[in-house]
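**Student:** Here is a sequence with its predicted model. Questions after.
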Amino acid sequence: MTDMTKSLAVFSGSVNPELARQIATELQLELGKVKLKQFSNGEIYARYLESVRGADVFIIQSIAGEHVNDALMELLIMTDAAKRASARTVTAVVSHYGYSRQDRKAAAREPITAKLVANLLTVAGIDRTITIDLHQGQIQGFFDTPVNHLTALPILADYFKDKNLDHGRLCIVSPDVGRAKAAKKFSDLMEADLAIMHKGRPNHNEAEITALIGDVRDKICIINDDMIDTAGTLCAAATTLKKEGADLVYVCATHPIFSGPAYERLEDSDIEEVVVCNTIPIPEERLGGKIRVVSVAPLFAHAIGSVYGNESVSEIFDPNYEL
């Protein structure tokens, strides 16, 4: 690999330092040193402990966790500090783009927070954003700076290909219509059948499955989604699939938000296994059971190396694929 130690600097926010360490290892670099702390009133302080003058700075942060707003502010403050320290460029490597679910006005007097976050990052001084599996692909258009939108679908597909499953009975299931295009891409990667569910939301953070398109009887179903929050949708989907005659139900998703009763719901559900990526850290005591984690560090490292070397990023994934 090209020597990138002179002008490539990789730093981690406080949310997902383990992913940042893995990415740095893939790049054959040491993570840069930065001091992050909070004042007694909760305000965030950041200071780089090494020179970033003229460097291409990559800040790895997940806008997620119990303190999601602090995670966002920390990223903004780290960006401001890097720009004021004369970094040549600053790239936000956002392993989970928080507030992405509010990407349009679904009802009167609602915000579009996905656009607001993009504006905040731009004003803070971000020159480029690298992220993975946005809730909707059009969020890329909310930025006036370049966005490299990666996908974990090939990584998840490789995981299931390596399992001892009857691939002739596989069926990829989209938990709602909005995820259908990504599920079709996943089914192509797996050379499997496709089924689509229709989801309704009777109340905030509640979901119910109202329709199923496709034959799942005696099939091994893999439900694919971009994120798992309270797991209500996926557990309802698994119950529906079992009622419709599915043999086994697996779940895979890129972002394990896992808030509220998610862990308990998944353990008590009809789901055989829940496969997620390490875009958001999972507490060590929650690992095991039905949860399996695959790493996206090599993917992010490849993207960072390509951006730094002014090489094409599209070769990492299907350039014709749009979520």
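**Tutor:** Arrived safely. Numbering: from 1, shown residues only.
**Student:** C-alpha from now on. contacts and neighbour counts both.
**Tutor:** OK.
**Student:** Let me see the ranges of the strands in the stretch 101-250 of the chain.
**Tutor:** 128-132, 147-150, 170-174, 193-200, 208-213, 220-228, 248-256 (DSSP state E, counting those that start in this stretch).
**Student:** neighbours of Pro261, just the number please.
**Tutor:** Using other CA atoms under 10 Å, Pro261 has 12 other residues around it.
**Student:** want to try CSV for the strands of the stretch 101-250 of the chain, with mean pLDDT and distance to Thr25 as columns?
**Tutor:** Below are the strands of the stretch 101-250 of the chain laid out as CSV (pLDDT from 0 to 100; distance: least, CA to CA, whole Å):
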stretch, mean pLDDT, distance to Thr25
strand 128-132, 98, 18
strand 147-150, 96, 20
strand 170-174, 97, 34
strand 193-200, 88, 37
strand 208-213, 78, 43
strand 220-228, 97, 26
strand 248-256, 98, 21
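**Student:** Would you mind finding the most buried of those strands?
**Tutor:** strand 170-174 (a mean of 27; mean count of other CA atoms under 10 Å).
**Student:** That one pairs with which strands, parallel or anti?
**Tutor:** strand 193-200 (parallel), strand 220-228 (parallel) (DSSP bridges).
**Student:** Of all these, which one is nearest Arg292?
**Tutor:** Smallest distance to Arg292 across the strands paired with strand 170-174 (CA to CA): 13.4 Å, for strand 220-228.
**Student:** Using CSV, write out every CA atom in that closest one.
**Tutor:** The C-alpha coordinates for strand 220-228 follow below in CSV (Å, rounded to 0.1, in the frame of the first residue of the first chain):
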residue,chain,number,x,y,z
ILE,A,220,-35.7,-20.0,4.2
CYS,A,221,-36.4,-16.3,4.5
ILE,A,222,-33.9,-13.5,5.0
ILE,A,223,-35.4,-10.2,5.9
ASN,A,224,-33.1,-7.3,4.8
ASP,A,225,-33.4,-3.8,6.2
ASP,A,226,-31.1,-0.8,6.5
MET,A,227,-31.5,-0.5,10.3
ILE,A,228,-33.0,-2.1,13.3
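**Student:** okay, the angle between it and strand 128-132?
**Tutor:** If you take axes from the mean of the first three to the mean of the last three CA atoms, to 10 degrees, strand 220-228 sits at 150 degrees to strand 128-132.
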